[in-house]
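Engineer: Task: produce atomic coordinates for the following.
(2 chains)
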Amino acid sequence: MAENLTIAVLSGKGGTGKTMVSVNLAAVATGATYIDCDVEEPNGHLFLKPKVFEEETITIGKPEVDQRRCDGCKICSDACAFKALAVVNKKLLIFPEICHSCGLCYHLCPQGALIEVEQSLGVLSKGYRDDLLVLSAELKIGEPSGVPLIKALINNIKGGITIIDGPPGSGCLVHETIARADFCLLVAEPTRFGEQNLALVHQLVSLMGKPAAVLLNKTTGGANASEEYAKANGLSIIATLPWDGQLARTTSSGDLAIDGSEHYRQYFSHLLAQIVEEARRA
Amino acid sequence: MIIAVPAENQSLDSPICQSFGRAPFFCIYDTGSESSRFLDNTAKEASGGAGIEAAQLLVDQNIDALITYRLGENAARVFRAANTKLLKAVNLSIADNVANFLEEKLASLEDIHSGYHHG
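Structural biologist: The predicted model follows:
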């Protein structure tokens, strides 16, 4: 598989099996890259156990004010799209956790009173598991947005097969995660709750024009609300993965399903081939 | 003294709005002239930072006190910088809350919440 293909594995909610699918897919691919974009709680490295060769602190610029220069003119606070600035009694108050680091305030300040100070946002680590490049980043506790970390992560897409383990949900982090994805694999549970969240993330990928298919996980042969949703909304069902207590035990032990089971090695190899095929057609 | 109150409607009979930053209106009551006026809350539709924007709007009206059910920590920081008195609303109309305030029956607002931020 010499071609370039970036596959984002997503789920509307947490706990559907997104990381389990991502790490096993990445491990069966040859010379691939695995990127853990779930920066609020990265856990792919627990399964892939990469030998880390590089760690880089990712920083983000936030404004600080020189109160001797600031005359409280309010040009910056009136212009701030995120309302991260307020002026009280001619003094500027800054709310760094609201700030999106757009940089407009430094640009507009007539007094040159605002300076950009780099702050650590988290650490990006790179490692190898055999020939699989494993990238993950962990957001510093208390930081409100991991978007800049995800931007730094996906800047490392180097070609070949890339598997992105997405953050749960369908908000800003997911939006950023799939910016450069060629194909989105949506992992869904059979429950009504699973279906509701599948619908949200399906709407997002459709809005962004990304080809997508759903993997129905934890199927039991009974009612499957996510399957009903996929059929009613033209979402391709690429595979099903029946509920398996042994798979759950393997995963909760931090092991890869493909390592101890020829069945799962073939399952994930086949799934990857199907995704490549479906992405090529898209 | 100028008092601000988050209002559901543009009337002194209106209930106080449960939300501060997303209140539709603010009642600005002047105890000196016993007159009131209502401001549109321009922050109510903000995607984020509504509390800060609403607090800036009120601080710019030179208010002395705010009567509210609840307040987020960011808005509270703006009001503290402005030395605005923060008072806990009781489940009555705006007019009755103002009357309670003038009789010093309102407790100060202590339970500042950490906000309802989202990604």
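Engineer: For the chain, just list every one of the helices.
Structural biologist: Reading this off chain A. For chain A, helices defined by DSSP state H occupy the ranges A:18-28, A:44-48, A:75-79, A:104-108, A:147-154, A:172-177, A:192-207, A:225-232, A:245-252, A:257-260, A:262-281.
Engineer: that's the wrong chain, I meant chain B
Structural biologist: All helices of chain B, identified by DSSP H, fall at B:50-59, B:73-81, B:94-102.
Engineer: Check chain B for the residue nearest chain A and tell me.
Structural biologist: The nearest approach of chain B to chain A comes at B:Gly49, 2.8 Å away (Cβ to the nearest Cβ). All C-beta spots, glycine's among them, are computed from the backbone N, C-alpha and C.
Engineer: Give the closest residue to that residue in space, chain neighbours not counted.
Structural biologist: Among residues not flanking B:Gly49 along the chain, A:Lys83 sits closest, at 2.8 Å (Cβ to Cβ, 6 or more residues apart in numbering or on different chains).
Engineer: pLDDT score for that neighbour?
Structural biologist: With respect to pLDDT, A:Lys83 has a value of 92.
Engineer: surely it meets B:Ala55?
Structural biologist: No. Applying Cβ atoms under 8 Å as the test, A:Lys83 and B:Ala55 come out as separate, 9.5 Å apart.
Engineer: number of nearby residues for the closest residue to A:Ala199 other than its chain neighbours?
Structural biologist: Among residues not flanking A:Ala199 along the chain, A:Tyr229 sits closest, at 5.9 Å (Cβ to Cβ, 6+ apart). Neighbourhood size, A:Tyr229 [other Cβ atoms under 10 Å in any protein chain shown]: 19.
Engineer: separation between B:Phe26 and B:Ser14?
Structural biologist: Taking Cβ to Cβ, to the nearest Å as the measure, B:Phe26 falls 11 Å from B:Ser14.
Engineer: remind me which residues of chain A are low pLDDT?
Structural biologist: Applying pLDDT under 70 to chain A flags the ranges A:1-2.
Engineer: which residue does it bring closest to chain B?
Structural biologist: Using Cβ to the nearest Cβ, A:Lys83 is the residue of chain A that sits closest to chain B, at 2.8 Å.
Engineer: What residues does chain B have near chain A?
Structural biologist: Counting by Cβ under 8 Å from any Cβ of the partner chain, chain B comes close to chain A at B:43, B:46, B:48-50, B:52-53, B:55-56, B:59, B:74, B:77-78, B:81-82, B:117-119.
Engineer: For the residue nearest to B:Ala75 when sequence neighbours are not counted, grab the count of nearby residues.
Structural biologist: Leaving aside its chain neighbours, B:Ala75 sits nearest to B:Gly51 (3.6 Å; criterion: Cβ to Cβ, 6+ apart). Residue crowding around B:Gly51 was assessed by other Cβ under 10 Å; the count is 30.
Engineer: Hmm, A:Asn4 and A:Val276 touching each other?
Structural biologist: No. At 10.9 Å, A:Val276 does not count as touching A:Asn4 under the criterion of Cβ under 8 Å.
Engineer: So for the two, which sits in the more crowded spot?
Structural biologist: Neighbours per residue (other Cβ under 10 Å) separate A:Val276 from A:Asn4, with A:Val276 holding more: 17 against 12.
Engineer: before we move on, back to that, mind checking which of A:Lys83 and B:Ala55 has more residues around it?
Structural biologist: Shown here are A:Lys83 and B:Ala55; by other Cβ under 10 Å, B:Ala55 has more neighbours (33 against 24).
Engineer: Does that one touch A:Ala86 like I think?
Structural biologist: Yes. Counting by Cβ under 8 Å, A:Ala86 is a contact partner of B:Ala55 at 6.7 Å.
Engineer: Mutual contacts of these two, please.
Structural biologist: B:Val78 (Cβ atoms under 8 Å, 6 or more residues apart in numbering or on different chains).
Engineer: so how many other residues sit close to A:Arg249?
Structural biologist: Neighbours around A:Arg249, by other Cβ under 10 Å: 10.
Engineer: What of A:Ile237?
Structural biologist: When neighbours are defined as other Cβ under 10 Å, A:Ile237 has 15 of them.
Engineer: residue ranges for the strands of chain B, please.
Structural biologist: B:2-7, B:25-30, B:35-40, B:65-68, B:85-88 (DSSP state E).
Engineer: and among the ones you listed, the most buried is which?
Structural biologist: The highest average neighbour count among the strands of chain B, using mean count of other Cβ atoms under 10 Å in any protein chain shown, belongs to strand B:2-7 at a mean of 25.
Engineer: Which elements pack onto that strand?
Structural biologist: Packed against strand B:2-7 by the contact rule (3 or more Cβ pairs under 8 Å, 6 or more residues apart in numbering or on different chains; DSSP states H and E) you find strand B:25-30, strand B:65-68, helix B:94-102.
Engineer: Quickly run through the sheet partners of the first one, with directions.
Structural biologist: Paired neighbours of strand B:25-30 in the sheet (DSSP bridges): strand B:2-7 (antiparallel), strand B:35-40 (antiparallel).
Engineer: can you dump the C-alpha coordinates of it into PDB?
Structural biologist: Extracted C-alpha coordinates of strand B:25-30, given in PDB (Å, rounded to 0.1, in the frame of the first residue of the first chain):
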ATOM      1  CA  PHE B  25     -32.400  42.400  28.900                       C
ATOM      2  CA  PHE B  26     -30.800  44.300  31.800                       C
ATOM      3  CA  CYS B  27     -32.800  46.600  34.000                       C
ATOM      4  CA  ILE B  28     -30.800  49.600  35.100                       C
ATOM      5  CA  TYR B  29     -32.500  51.200  38.100                       C
ATOM      6  CA  ASP B  30     -31.400  54.500  39.500                       C
END
